[in-house]
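Participant: could you look at this predicted model? Sequence included:
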Amino acid sequence: MARPGFVLEVDDRTPPLVVPDGDGFRLERIPVNSRVIYPAESLPAVPDLAESLAAALDRPLESPPLDDLLRPGMRLTIAFDDVSTPLPRMRRPDLRGRIIEAVLTRAARIGVDDVMVVAARGLNRRMTESELQHVLGERVFRSFFADGRLVHHDAEDSEQLTRAGATDAGELALNSAAATADLLVFVHLAGAGGNGVSAVARGLGSTGTISQLAAQPPHQSRDARAQVDEVLDQVGAATTVFQIEAVLDNSAWSPPLDFLGKREWEWTVRDRATWLAVQRGLALASVKTRRRVLGAAQSSYAPVQITAGAPGPVAAASEQAVLAQRLVEVSGQADVGIVGVPHQTPYSVDSITNPVLAAWSALAAAFGAHRGQPVVRQGGALIVYHPMRSDFSALHHPSYIDFFAEVLATTTDALQIQEKFEAAFATDPWYTHLYRSSYAFHGVHPFHRWYETAPAREHCGDIIWVGASRSTVDRLGFRAASTLADALEIVSSTVGRTPSITYLHDAPLLLADVR
């Protein structure tokens, strides 16, 4: 059996621990008596992928088998996740490509020849041709791309959107190829942007639809959850969906970097030698080279569960598997939490993790990796590792550049930002043009990510960034420190001289269940 998650109490024998630090790593001595939360080891992979996939398609949850839903002459649309998941990238063959090939094989056998394949990118950037080939495999890419049957979803193309309903907040619309198909097969990696109908709406909805699902500024709505449920109910009723979801294992690192997934006291002599080589190489490389080297890392993920059928039951089954693999029980909250920001986020693949995305990674993805309540108490402090250079990708993140320079220079308050700036960015013709025709994220994208940091910013009394650019973190409303000791000294007035400390080790791959 796989080992469960583990909470280590640091003592004098505990070695320095690895902390992600942007385009590098640190070995940091965490103070004695601190707690370190380690993720669980992976659940066993399915023994036979083809057999498990066939079983899911033939015995789906609360749905007829896929073969019974297919018929000659029907319109079939297959949608799939973009490159924002998983991280690091999956080695070829990508699981999504293998699932789509299995669906296409069945469709061809039954005589379905009206097929569209759609990259469900939501408000994310377009994928390059090489990225599409990587995810789908050469055979599927070659069969559909040249004649226009493999397309990116466009949340701004009114001619390619179909009305799916309306709420008090506005109209709802879905990709027409999905909404008007006789059957939508949605291929999804569980845990990426929500599961079930939520994944469909976020990946294939219009800008307005996705914005209604995005985390809104706190206190804006008295019943935001009810609004989200209303959106999902209407989207689910607008099209017939056969969902296929896979839960991947926790194998985020493959050789020679697989030692980064181990507990430090279990490193072998070879692991330590590899660590020294990696550290030396990264120290000698330029920032651009470090990003390229770390960004090129790929991992040999394996599915631990494949489920198909109606979106709701499939989402519930996926959630159970995700919790079984990631949940770590933690006793009580801490005065201080420590997290590290990795070199890549879902929104900086083959790009730059700019300061806004680094803040999202720490405050939404890592701090938010809990079930019920965070590991830090109300009013406690969060210490984050990332250099926070003021670096941006003009190709991928043009609206982030202006969001950082103009919006955050005026205010960091989510409600004021939503009221004063969001509409202008959402409708800006230049941002829209770049999103539709180039490789840029949508103009409203940084707003959604910033809103998602609001719970952590409201919860924590202090947020300190170790080794960060002071001018950058000041713009975001935070403080900087040179070392961990300096950071603890800064927050001592808030949490005391001997605070309880919890370090979330590789936090995005665990969920803390704080009791």
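Facilitator: It's in. The shown structure was predicted, so the numbers you read here are calculated from the model rather than taken from an experiment.
Participant: now the strand ranked longest in the chain - C-alpha only, PDB.
Facilitator: Of all the segments of type strand in the chain, defined by DSSP state E, the longest one is strand 376-385. In PDB, the C-alpha atoms belonging to strand 376-385 read as follows (Å, rounded to 0.1, in the frame of the first residue of the first chain):
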ATOM      1  CA  VAL A 376      -2.800  29.100   9.400                       C
ATOM      2  CA  ARG A 377      -5.100  30.600  12.000                       C
ATOM      3  CA  GLN A 378      -7.100  33.700  11.500                       C
ATOM      4  CA  GLY A 379      -4.800  36.700  11.700                       C
ATOM      5  CA  GLY A 380      -1.700  34.600  11.500                       C
ATOM      6  CA  ALA A 381       1.200  35.000   9.100                       C
ATOM      7  CA  LEU A 382       2.200  33.400   5.800                       C
ATOM      8  CA  ILE A 383       5.800  33.300   4.600                       C
ATOM      9  CA  VAL A 384       6.400  32.700   0.900                       C
ATOM     10  CA  TYR A 385       9.500  31.900  -1.100                       C
END
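Participant: past it, which element shows up next along the chain?
Facilitator: helix 398-402 (DSSP states H and E).
Participant: sheet partners, orientation included, of the longest strand of the chain?
Facilitator: According to DSSP bridges, strand 376-385 forms sheet pairs with strand 334-340 (parallel), strand 462-466 (parallel).
Participant: what's it in contact with?
Facilitator: Outside of strand 376-385, the residues within contact range by Cβ atoms under 8 Å, 6 or more residues apart in numbering are 19-22, 26, 28, 333-341, 362-363, 367, 456, 459-468, 481, 484, 487-488, 491, 494-495, 499, 502. Backbone N, C-alpha and C define where each C-beta goes, glycine included.
Participant: next, the buried residues of the one helix or strand in the chain whose mean pLDDT sits lowest.
Facilitator: Every helix and strand of the chain was ranked by mean pLDDT, DSSP states H and E. The lowest is helix 224-238, at a mean of 81. By neighbour count on 16 or more other Cβ atoms under 10 Å, the buried set for helix 224-238 is 227-228, 230-232, 234-236, 238.
Participant: any idea which of those residues is closest to residue 404?
Facilitator: residue 228 (28.0 Å; Cβ to Cβ).
Participant: residue contacts, that closest one?
Facilitator: Each residue near residue 228 by Cβ under 8 Å, 6+ apart is listed here: 212-213.
Participant: for residue 122, give its distance to residue 338.
Facilitator: 31 Å (Cβ to Cβ, to the nearest Å).
Participant: looking at the two, which is more packed in?
Facilitator: residue 338 (31 against 26; other Cβ atoms under 10 Å).
Participant: quickly note the distance from that one to residue 229.
Facilitator: Distance from residue 338 to residue 229, by Cβ to Cβ: 35 Å.
Participant: and if you look at residue 325?
Facilitator: For residue 325, the distance to residue 229 - Cβ to Cβ - is 27 Å.
Participant: do the same with residue 14
Facilitator: Counting by Cβ to Cβ - residue 14 and residue 229 are separated by 45 Å.
Participant: distance from stretch 134-152 to the middle of the chain?
Facilitator: Taking Cα atoms, centre = their mean, to the nearest Å, one finds stretch 134-152 lying 24 Å from the centre of the chain it belongs to.
Participant: kindly report the same for stretch 412-425.
Facilitator: Taking Cα atoms, centre = their mean, the mean C-alpha location of stretch 412-425 is offset from the chain mean by 23 Å.
Participant: can you give me the mean pLDDT across that stretch?
Facilitator: For stretch 412-425, mean pLDDT is 96.
Participant: all numbers from here: first residue = 30
Facilitator: Renumbered: residue one is now 30, and that last one reads stretch 441-454.
Participant: that one: end-to-end distance?
Facilitator: In stretch 441-454, first residue to last residue: 16 Å (Cα to Cα, to the nearest Å).
Participant: buried stuff in that stretch?
Facilitator: Neighbour count says stretch 441-454 has 441, 443, 446-447, 450-451, 454 buried, by 16+ other Cβ under 10 Å.
Participant: what sits closest to the residue most central in space within the chain if chain neighbours are left out?
Facilitator: The residue lying closest to the centre of the chain (Cα atoms, centre = their mean) is residue 375, at 4.8 Å. In this structure, residue 375 finds its nearest non-sequential neighbour in residue 113, 3.7 Å apart by Cβ to Cβ, 6 or more residues apart in numbering.
Participant: in a helix, that neighbour, correct?
Facilitator: No. The assignment for residue 113 (DSSP: H, G, I helix; E, B strand; the rest coil) gives coil, which keeps it out of a helix.
Participant: pLDDT wise, what is it at?
Facilitator: In this model, residue 113 carries a pLDDT of 94.
Participant: and residue 219, how many residues sit next to it?
Facilitator: 25.
Participant: quick check: closest non-adjacent residue to it.
Facilitator: Nearest one to residue 219, counting by Cβ to Cβ, 6+ apart, is residue 347 at 3.6 Å.
Participant: just residue 162 next, same as before
Facilitator: residue 170 (4.6 Å).
Participant: sec struct for that neighbour, please.
Facilitator: Here residue 170 is helix, with the state taken from three-state DSSP.
Participant: touching, residue 41 and residue 59? I think so.
Facilitator: No. Counting by Cβ atoms under 8 Å, residue 41 does not reach residue 59; the two are 12.0 Å apart.
Participant: of the two, give the one with the bigger neighbour count.
Facilitator: residue 59 (20 against 5).
Participant: now that one. Its backbone dihedrals?
Facilitator: phi -80, psi 140 (degrees, to the nearest 10).
Participant: isn't it right next to residue 40, touching?
Facilitator: No. Residue 59 lies out of contact with residue 40 (Cβ under 8 Å); the separation is 10.6 Å.
Participant: in the chain, where is pLDDT below threshold?
Facilitator: For the chain, residues meeting the criterion pLDDT under 70 lie at 30-32, 221-223, 244-254, 536-537.
Participant: tell me what residue 217 is bridged to.
Facilitator: Going by DSSP bridges, residue 217 forms beta bridges with residue 274.
Participant: count of neighbours near it?
Facilitator: 29.
Participant: for it, list the residues it contacts.
Facilitator: 109-110, 224, 228, 272-275.
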